[in-house]
Every structure is written in C-alpha cells, then in structure tokens.
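Novice: Pasting the sequence and the predicted coordinates here, then a few questions.
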Amino acid sequence: MTDHTIVSRDEWLDARTALLEKEKAFTRQRDALSQERRALPWVEVSKPYMFETPTGEKSLSDLFGNHSQLVIYHFMYGPDWEVPCKSCSFWADNFERNIIHLAARDVAMVAVSRAPVASLEAFKKRMGWSFDWVSSENSDFNYDFEVSFTDEARENGDLRYNYQPSQFPASDAPGISVFSKSDDVTIYHTYSTFGRGLDMMNAAYHYLDLVPKGRDEAGLDNPMAWVRLRDDYAPN
C-alpha cells in the first residue's frame, strides 16, 4: 500500500485539480444521464398485484401510501431460504435510514421478497431494520419483473436478467424498480435496474472508491465474497 508516488503539496494540488476537471465532466455526464432516465417512456401496470404484509394483504397501489412515487427493492429471499442474500442485506443497511428523506420528496420505498411474511419480520427484527418489507410469495410480481425464475426456466436455460439472456445462479435476483401513480390512481412502471446498475445505490461502495485500497476485491473468488451480514463481522 505504501508503494505509491510521494510528491510535494504543490505537486499534489496540480494532480488533484487536473483530476477535478475529469470529476466535474463525469458529474455533468451523470446529470445528463439521469435526465434521460427520467425521460424514459412509461408502461401502465394493469395486473392487480397483491402482497402479504404484517397487517394483511395490500395491493401495489397500497404500497405507495400517500406518495405518488414508489421505489421497490427486489430483495433476494426465496420462500425456502434459511436467510436472505447477504449482499441485499448490505444494500438494505444502506437505504434503511434514507426512507424518511425519500418520503419528504414524495417517494415511498418498500422491499419485496418471495419469502413468507413471518421470515421477513424475523430477519428484519434481527437486523434492526424499520423499512416496510412485503412478501410476493403468492404473486407473479417477481417473475414479471424478471427477478425470480421458475425451476423450468432455470433447467432449460430460458431466463432473462438485466434485459438479456442470463445464467443467473439462483432462483431470485436483486434489482430496483420504480413506479408512478397518477391522480386517477393509474400505476406506471417507469424504470428498473439490475446487476451493476445497483452500485450507485450503495453509499458504502462509494466511500470505498475514495480510499487508497478501493473496494480491495482483487483475488477474491467473487467480488462480494468479503461481504457479511452486519452482525456476522468480527469486531474491529
């Protein structure tokens, strides 16, 4: 880690300001891309999706609460899994305290998994999370939004993830989907992202990108092999 170029403060400032110009250009490109994302056409959601919650069955419309915009995190947790995906739990730790800020900007955020409500509530209590987490166990929702895959599709190699044919290794995959509800309560699907598209929603990753070692994932069996459930890390 110490095998790095060492320079004077003035030389460092020259290098830093040169990089700043690239960072500013990237920020402007990101702003433009975000505008294109918001300008995408919408698709009306006409299927009456229902979800199981601790207080009873709720429709997709109900998940909006008093808001006109809804973000759904597709949380990998299959009906027969003992514990949910540790990587999705990593993302949940990152959005847990943001829910109230999103609500202030007319956005509801909910996590959806196929695991039964009792499993969701038990794990939510273990992690100390407060966000709404509902079950689509008896719904086509996860399948229609291509984050869950039938046994037949997996056996036949006939599944799609991230808008392309895929060999995803599990029955459930992560993702984020966004919806809008009009004044006449018509619901529209406006955006979904998967795979590396989720990176920008993980603040911890962006802090790691600032430090000298970066994400420090080279040489691991898979890039996220280091991730643990929050209460599984050894004390530092």
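Specialist: Looks like it arrived, so ask away.
Novice: Against residue 123, how distant is residue 227?
Specialist: 16 Å (Cβ to Cβ, to the nearest Å). All C-beta atoms are positioned from the backbone trio N, CA, C, and that covers glycine.
Novice: Which one of the two is surrounded by more residues?
Specialist: Neighbour comparison, residue 227 and residue 123: the larger count goes to residue 123, with 21 against 18 (by other Cβ atoms under 10 Å).
Novice: What pLDDT does the model give that one?
Specialist: Predicted confidence (pLDDT) for residue 123: 98.
Novice: what's the helix or strand for it?
Specialist: In the assignment (DSSP states H and E), residue 123 maps to helix 117-127.
Novice: how about the nearest residue to residue 132 once chain neighbours are set aside, what does it touch?
Specialist: For residue 132, the nearest residue in space outside its immediate sequence neighbours is residue 110; the separation is 4.6 Å by Cβ to Cβ, 6 or more residues apart in numbering. By Cβ atoms under 8 Å, 6 or more residues apart in numbering, the contact set of residue 110 is 63, 70-73, 131-134.
Novice: Those in strands, which ones?
Specialist: Restricting those to those inside strands, with DSSP state E as the criterion, leaves 70-73, 132-134.
Novice: Could you turn the buried ones of the contacts of residue 110 into a ChimeraX selection?
Specialist: Buried members of the contacts of residue 110 can be picked out in ChimeraX with the line below, counting by 16 or more other Cβ atoms under 10 Å:
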select :63,70,71,72,73,131,132,133,134
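Novice: farthest-separated two in the contacts of residue 110?
Specialist: Using Cβ to Cβ, the two most remote members of the contacts of residue 110 are 70 and 133, lying 14.1 Å apart.
Novice: Export the ones in strands among the contacts of residue 110 to a markdown table and append columns for pLDDT and distance to residue 90.
Specialist: A markdown table is the format used below for the ones in strands among the contacts of residue 110 (pLDDT from 0 to 100; distance: Cβ to Cβ, whole Å):
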| residue | pLDDT | distance to residue 90 |
| --- | --- | --- |
| 70 | 98 | 22 |
| 71 | 98 | 17 |
| 72 | 98 | 18 |
| 73 | 98 | 12 |
| 132 | 98 | 19 |
| 133 | 98 | 15 |
| 134 | 98 | 20 |
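Novice: Pick out whichever of these sits closest to residue 94.
Specialist: Among the ones in strands among the contacts of residue 110, and counting by Cβ to Cβ, the member closest to residue 94 is residue 73, at 10.2 Å.
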